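Peer 1: Take this sequence and fold it.
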Amino acid sequence: MLTPPSRAARAGRIARLRASLPTTPRGRDSGRVAVRRRMWSLTAGGLVLTTVAACGAPLPKPEPGQSPAAYSGLEVGEDRIEYAIGKVTDIVEDELEKSGVPGASVAVVHGGEVVLAEGFGVRSTETGEAVDAQTVFPMASISTPVSATVVAAESARGEVSWDTPVREYLPWFELSDPRASEQVTVGDMFAHRSGLPEHAGGDLEDLGYDRPAILHGLRHLPLEQFRTSYAYAGFGLTAGAQAVATAAETPWDELSRELIFEPLGMSESSYSYEELGDRGNRAVGHVRATDSDTGSGEAGDDSGSGSEPDSGPGSQAGWVPADPARDPDAQAPAGGLSSTAADMAKWMTMVLADGAGPSGQQVVPPDALRQSLTPQVVSSPPQSGADRTGSYGYGFDIGTSSSGRVQWSHSGASTQGAATAMLMMPDLDLGIVTLTNAAPIGVPETINARFADYAQYGDPAQPWGELFATAFAPLRAGIGDLVSARRPESPAAAPPVEDLLGVYRNAYFGDVEVREARGSGDAAEDGREDDDDTVAGSTDTGAAAGTGPALVLAVGPDRQAWRLEHWDGATFAISPEGETWPPGSRGSVTFDGDTMAVDLLDGAGMGTFTRVED
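Peer 2: Numbers count the residues shown, from 1 in each chain. Next up, the predicted model:
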């Protein structure tokens with residue numbers, strides 16, 4: 001049974017959006033090729049190449065000793081960069097006003113200095129407390145490049161490198177291909193080229209499994225081509241990071257503090273969710289009010305989606321604190337960092353300085369850092385011959401701007417209320433990081449892209465807000481084979497309840513149970529609760545419409561209860577919510593003898609369960 005891509009899978013693609021979007025204006029003359037003429041001349045100093053535009057000013061001369069690979073035909077002076085920095089406040093305020101995102105914190109670094117660090121808006125729509133440059137935000141997937149610098153720093157001790165096999169320190173770790181299990185390295189995991197499917201293990205995390213269980217579960221997933229395919233897999237990266245921490249005989253959060261945070265003075269940064277909760281000046285994640293309030297819709301509502309808030313998309317009233325907040329400790333190296341704009345500015349300054357710290361000390365070895373900033377795999381293949389290719393290093397997105405400059409970037413996105421983005425241009429010694437406290441709709445990416453345009457061109461080159469809003473819109477859409485379907489008006493009768501009850505098993509998800517609802521303890525994932533054995537908001541009171549007890553599918557180690565609503569014959573519907581299943585998701589659960597197929601658990605082809613004999 002085919003299932004649309006999960007929300008988490010689509011979220012992973014956003015980190016590569018910049019490479020696939022058009023990056024030059026699409027005007028009436030966009031197809032014309034500018035004619036250049038090259039004039040060679042001999043001087044006392046040797047052969048000189050002078051490039052002059054057919055119409056216009058001469059192109060900038062290369063810097064003395066500059067590699068031709070680093071040359072850009074667009075000169076950017078300090079005055080233009082200063083102009084762009086001066087535009088940041090206007091850009092951020094404009095984007096927050098248009099989107100209603102409650103709060104943001106932004107920092108810009110240039111020339112080895114923090115030239116801007118500022119907060120905007122509020123930490124929470126409930127308290128109204130202001131955001132500043134020291135407000136702590138969940139960083140989501142920006143955790144990944146920071147973790148890459150931890151690995152690069154640890155490599156200086158000589159125990160591990162990017163080429164260290166994961167199983168050298170995690171001998172129990174396996175993938176479904178024995179050869180890949182033996183050969184997969186820390187670098188393979190950080191480059192997301194292990195062959196694991198996109199966001200492998202994320203569904204287990206949503207069900208409540210801990211890190212050891214999830215990493216053991218990866219061995220059951222089918223693989224794409226080893227080292228020639230790219231798919232963002234946070235738990236694969238976490239396995240690589242855990243191997244490094246094991247080699248260092250130090251927990252990951254302590255290792256990060258020792259190698260990166262303390263040397264750089266990043267006092268408010270941590271890979272511990274508990275420490276985030278202890279911060280007084282922390283941002284609260286927000287979700288759209290409609291996503292939170294209407295959830296997946298009442299059982300029996302065939303629309304499967306809600307409407308925009310009455311207050312409009314540009315109002316903070318359209319956003320409410322996420323409940324519950326996301327605890328990312330299971331994949332902390334890939335998504336569990338919390339930090340501030342001020343701290344991240346110190347980190348970007350170190351990266352742009354080839355790993356040197358504030359006093360000139362070498363925090364990260366230049367060679368190991370350079371490897372992480374070197375393309376290791378194609379992450380965004382060109383869609384046409386004119387497109388630039390997007391690449392991925394060890395933990396970094398690596399691309400080329402429309403002015404021909406290398407750029408290092410990464411985005412972070414959690415549908416439970418975090419959206420972050422960072423962008424660095426080493427040629428300009430320039431970087432920006434934007435942190436927001438709302439579910440991803442493209443705001444931090446838009447802010448960074450607008451800033452980069454001002455720095456390079458003095459004006460916006462693209463309608464970035466529209467482009468990113470369109471790209472992020474699918475993240476709010478429900479998934480599943482029944483999301484747009486209407487329940488039959490005259491469904492076939494369901495099988496007898498006793499034929500459905502029992503424990504079902506597969507190797508990846510383990511045991512799940514079909515059982516009768518137990519009242520208010522069986523609250524559905526959408527947050528609805530009952531005082532009796534009926535399905536809230538539905539005329540279906542059991543396995544068949546109007547008859548018998550209500551049924552639930554109990555999943556995960558804590559037995560989350562997903563209500564089974566009769567659909568047609570031996571097919572039922574479930575509507576869970578989580579990072580993997582956005583509000584409005586609805587998928588089928590189909591019984592066939594002792595076999596049960598769960599559409600919303602079939603993203604990697606692991607959604608079929610077999611009943612266990614008593």
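Peer 1: longest helix of this structure?
Peer 2: In the chain, assigned by DSSP state H, the helix with the most residues is helix 78-99.
Peer 1: For residue 73, give me its contacts.
Peer 2: 51, 59-60, 403-404 (Cβ atoms under 8 Å, 6 or more residues apart in numbering). (Each C-beta comes from the backbone N, C-alpha and C, glycine too.)
Peer 1: Surely it is within a strand?
Peer 2: No. According to DSSP: H, G, I helix; E, B strand; the rest coil, residue 73 belongs to no strand; its state is coil.
Peer 1: can you pull up the bridge partners for residue 592?
Peer 2: In this entry, residue 592 is beta-bridged to residue 595, by DSSP bridges.
Peer 1: Test my guess that it contacts residue 570.
Peer 2: Yes. Applying Cβ atoms under 8 Å as the test, residue 592 and residue 570 come out as touching, 6.7 Å apart.
Peer 1: which one of these two has more residues nearby?
Peer 2: Remark: of residue 592 and residue 570, residue 570 carries more neighbours, 20 against 11, as counted by other Cβ atoms under 10 Å.
Peer 1: Looking at the backbone only, give me phi and psi for the more buried one.
Peer 2: phi -90, psi 20 (degrees, to the nearest 10).
Peer 1: what's near enough to touch it?
Peer 2: 494-495, 590-592.
Peer 1: What pLDDT is listed against it?
Peer 2: Model confidence at residue 570, given as pLDDT, is 97.
Peer 1: Not counting sequence-adjacent ones, nearest residue to it?
Peer 2: residue 591 (4.4 Å; Cβ to Cβ, 6 or more residues apart in numbering).
Peer 1: separation between that neighbour and residue 552?
Peer 2: Distance, residue 591 to residue 552, by Cβ to Cβ, to the nearest Å: 14 Å.
Peer 1: Please identify which helix or strand holds residue 116.
Peer 2: Assessed by DSSP states H and E, residue 116 sits inside strand 113-121.
Peer 1: what's that strand packed up against?
Peer 2: Strand 113-121 makes packing contacts with helix 78-99, strand 103-110, helix 341-352 when contacts are defined by 3 or more Cβ pairs under 8 Å, 6 or more residues apart in numbering; DSSP states H and E.
Peer 1: So, low pLDDT: which residues of the stretch 401-550 of the chain?
Peer 2: By pLDDT under 70, the low-scoring segments of the stretch 401-550 of the chain are 519-549.
Peer 1: switch the cut-off to 90
Peer 2: The model of the stretch 401-550 of the chain has pLDDT under 90 over residues 460, 473-477, 518-549.
Peer 1: re earlier: ok, the residue nearest to residue 570 touching residue 495?
Peer 2: Yes. Using Cβ under 8 Å, residue 591 is in contact with residue 495, at 6.4 Å.
Peer 1: Neighbour count: those two, which is higher?
Peer 2: Per other Cβ under 10 Å, whichever of residue 591 and residue 495 has more neighbours is residue 591, with 21 against 15.
Peer 1: Got the confidence number for the more buried one?
Peer 2: 98.
Peer 1: which residues does it contact?
Peer 2: Per Cβ under 8 Å, 6+ apart, neighbours of residue 591: 495, 499-500, 570-572.
Peer 1: Could you work out the most separated pair of those residues?
Peer 2: Across the contacts of residue 591, no pair lies farther apart than 499 and 571, at 13.9 Å, counting by Cβ to Cβ.
Peer 1: quick one on the thing from earlier: C-terminal to the strand holding residue 116, what's the next element?
Peer 2: strand 137-138.
Peer 1: quick one, the helix or strand following that next one and helix 341-352 angle?
Peer 2: Using DSSP H and E, the helix or strand that follows strand 137-138 in sequence is helix 143-154. Angle, helix 143-154 to helix 341-352, by axes from the mean of the first three to the mean of the last three Cα atoms, to 10 degrees: 50 degrees.
Peer 1: In PDB, could you pull the C-alpha coordinates for helix 143-154?
Peer 2: C-alpha atoms of helix 143-154 as PDB (Å, rounded to 0.1, in the frame of the first residue of the first chain):
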ATOM      1  CA  SER A 143      22.400  20.500  16.100                       C
ATOM      2  CA  THR A 144      23.900  18.500  13.300                       C
ATOM      3  CA  PRO A 145      26.700  20.900  12.100                       C
ATOM      4  CA  VAL A 146      27.600  21.800  15.700                       C
ATOM      5  CA  SER A 147      27.900  18.100  16.400                       C
ATOM      6  CA  ALA A 148      30.200  17.800  13.300                       C
ATOM      7  CA  THR A 149      32.600  20.300  14.900                       C
ATOM      8  CA  VAL A 150      32.500  18.200  18.100                       C
ATOM      9  CA  VAL A 151      33.600  15.100  16.100                       C
ATOM     10  CA  ALA A 152      36.300  17.100  14.300                       C
ATOM     11  CA  ALA A 153      37.600  18.400  17.600                       C
ATOM     12  CA  GLU A 154      37.700  14.900  19.100                       C
END
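Peer 1: Please work out how many residues are found near residue 90.
Peer 2: Neighbours of residue 90 (other Cβ under 10 Å): 11.
Peer 1: Using the three-state scheme, assign residue 494.
Peer 2: coil.
Peer 1: any chance you could map the helices in the stretch 351-500 of the chain?
Peer 2: 366-372, 443-457, 464-472 (DSSP state H, counting those that start in this stretch).
Peer 1: Could you name the stretch from those that's closest to residue 275?
Peer 2: Closest among those, once you apply Cβ to Cβ, is helix 443-457, at 22.9 Å.
Peer 1: Please list all residues in contact with the nearest residue to residue 605 once chain neighbours are set aside.
Peer 2: The spatial neighbour of residue 605 that comes closest, neighbours along the chain excluded (Cβ to Cβ, 6+ apart), is residue 222 at 6.1 Å. Neighbouring residues of residue 222 by Cβ under 8 Å, 6+ apart: 176, 197, 604-605.
Peer 1: what's residue 222 sitting at in phi/psi?
Peer 2: phi -70, psi 150.
Peer 1: ok, residue 573 - contacts?
Peer 2: Counted by Cβ under 8 Å, 6+ apart, residue 573 has contacts 299, 482, 487, 564-567, 586-589.
Peer 1: In helices, which of these fall?
Peer 2: Among those, no member lies in helices (by DSSP H).
Peer 1: Checking residue 557 next. Helix, strand or coil?
Peer 2: Residue 557 - assigned by three-state DSSP - is coil.
Peer 1: burial of it, as a residue count?
Peer 2: By other Cβ under 10 Å, the residues close to residue 557 number 13.
Peer 1: how about the nearest residue to it, chain neighbours excluded?
Peer 2: residue 208 (5.3 Å).
Peer 1: Can you say which helix or strand has the one you found in it?
Peer 2: With DSSP H and E as the criterion, residue 208 is inside neither a helix nor a strand.
Peer 1: List the residues that contact it.
Peer 2: By Cβ under 8 Å, 6+ apart, the neighbours of residue 208 are 556-558, 560.
Peer 1: try residue 598
Peer 2: Residue 598 touches 512, 553, 574, 587-589, 607-609, counting by Cβ under 8 Å, 6+ apart.
Peer 1: What's the separation between it and residue 509?
Peer 2: Distance, residue 598 to residue 509, by Cβ to Cβ: 8 Å.
Peer 1: what residues do the two have in common as contacts?
Peer 2: residue 609.
Peer 1: any low-confidence regions in the protein?
Peer 2: Looking along the chain with the criterion set at pLDDT under 90, you get 1-74, 288-318, 323-324, 460, 473-477, 518-549, 578, 583, 613-614.
Peer 1: circling back to that earlier point, want to try TSV for the contacts of residue 573, with distance to residue 126 and neighbour count as columns?
Peer 2: Converted to TSV, those look like this (distance: Cβ to Cβ, whole Å; neighbours: other Cβ atoms under 10 Å):
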residue	distance to residue 126	neighbour count
299	30	22
482	35	24
487	37	17
564	35	24
565	33	25
566	39	28
567	38	23
586	30	27
587	33	28
588	38	23
589	37	27
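Peer 1: who has more neighbours, residue 499 and residue 571?
Peer 2: Neighbour tally, residue 499 and residue 571, criterion other Cβ under 10 Å: the higher count belongs to residue 571, 20 against 13.
Peer 1: That one is in contact with residue 592, isn't it?
Peer 2: No. Counting by Cβ under 8 Å, residue 592 is not a contact partner of residue 571; they are 10.0 Å apart.
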